[in-house]
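J.: Need a 3D model of the sequence below.
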Amino acid sequence: MAYHHGRLRETLIDEAVAAIEADGVDRLSLRDLARRAGVSHAAPAHHFGDRTGLFTAIAIDGFDRLTAVLEASGGDFAEAGVAYVRFATAERGRFEVMFRTELLRDDDPALAAARERAGAVLRAGAGAEAGDARANALAAWSLVHGFATLWNSGAIDADGQAPDELARVIAVRLFGSPERVTRASRGGDTPVR
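T.: Take a look at the predicted model:
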């Protein structure tokens with residue numbers, strides 16, 4: 001990927017994500033990243049300092065992107081869960097880094113703010129559901145994060161379904177109305193194959 005003047009930081013993040021998706025997070029080095037981006041070896045260090053800085057920037061970018069897709073789900077609690085899974089399976093490299101705290105500068109204020117923005121969107125949807133909002137949010141996050149992690153690792157036999165289709169059926173079953181569960185099971189809310 002060639003970078004355009006003024007977009008080097010974004011290009012480096014995108015190249016790092018592509019490398020993570022291809023080779024895994026443990027094989028990424030700043031030197032390899034510079035080679036992939038076609039820039040000097042000093043360029044990644046100039047923008048991120050070190051690998052931890054790079055991974056922190058990837059996580060911030062990931063949380064910002066996650067927030068955008070959650071907001072676009074329209075406030076529906078089950079659809080926010082589907083959006084989460086769609087993001088996690090489409091943005092595997094970012095998703096892999098976002099929750100690996102050992103890779104990140106956990107005290108970075110921009111990271112804390114990005115996490116909080118994404119969390120606030122999830123909590124807002126949980127508050128609209130019956131019952132304890134905190135328990136609802138934790139249950140929903142556990143469900144969709146676990147599902148996405150299992151999907152990304154290849155542990156789920158999808159039987160031809162896309163991850164968001166299968167996630168919709170599961171999310172509606174746990175967090176939807178009884179009528180919506182029936183429709184989802186029959187394919188009314190999702191194109192079940």
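J.: Residue 169: neighbour count?
T.: A count of nearby residues for residue 169, using other CB atoms under 10 Å, gives 20. Using the backbone N, CA and C atoms, a C-beta is placed for each residue, glycine as well.
J.: Going by secondary structure, it is in what exactly?
T.: helix 163-175 (DSSP states H and E).
J.: Report the buried residues of that helix.
T.: Buried residues in helix 163-175, defined by neighbour count with 16 or more other CB atoms under 10 Å: 163, 164, 165, 166, 167, 168, 169, 170, 171, 172, 174, 175.
J.: The second one contacts residue 87, doesn't it?
T.: No. Counting by CB atoms under 8 Å, residue 164 does not reach residue 87; the two are 9.6 Å apart.
J.: Pull the contacting residues for residue 52.
T.: 103, 104, 105 (CB atoms under 8 Å, 6 or more residues apart in numbering).
J.: Look up the closest residue to the second one, ignoring the ones flanking it.
T.: Take residue 104 and drop its neighbours on the chain: the residue closest to it by CB to CB, 6 or more residues apart in numbering is residue 56, 4.9 Å away.
J.: what residues are up against the one you found?
T.: Residue 56 touches 48, 104, 105, 108, 110, 111, counting by CB under 8 Å, 6+ apart.
J.: do the same with residue 79
T.: Contacts of residue 79 (CB under 8 Å, 6+ apart): 73, 168, 171.
J.: What distance do you get for residue 105 to residue 88?
T.: Shown here: residue 105 relative to residue 88, a distance of 22 Å by CB to CB, to the nearest Å.
J.: again with residue 25
T.: Note on residue 25: its distance to residue 88, by CB to CB, is 15 Å.
J.: cool, and residue 47?
T.: Taking CB to CB, one finds residue 47 at 26 Å from residue 88.
J.: Same check on residue 73?
T.: 14 Å.
J.: what about residue 105 and residue 88, which has more around it?
T.: It is residue 88, of residue 105 and residue 88, that has more neighbours when counted by other CB under 10 Å, with 27 against 17.
J.: mind checking pLDDT for residue 164?
T.: Looking at residue 164, its pLDDT stands at 88.
J.: And for it, nearest residue in space, chain neighbours not counted?
T.: Nearest non-adjacent residue to residue 164 (CB to CB, 6+ apart): residue 86, at 4.5 Å.
J.: Noted, bye for now.
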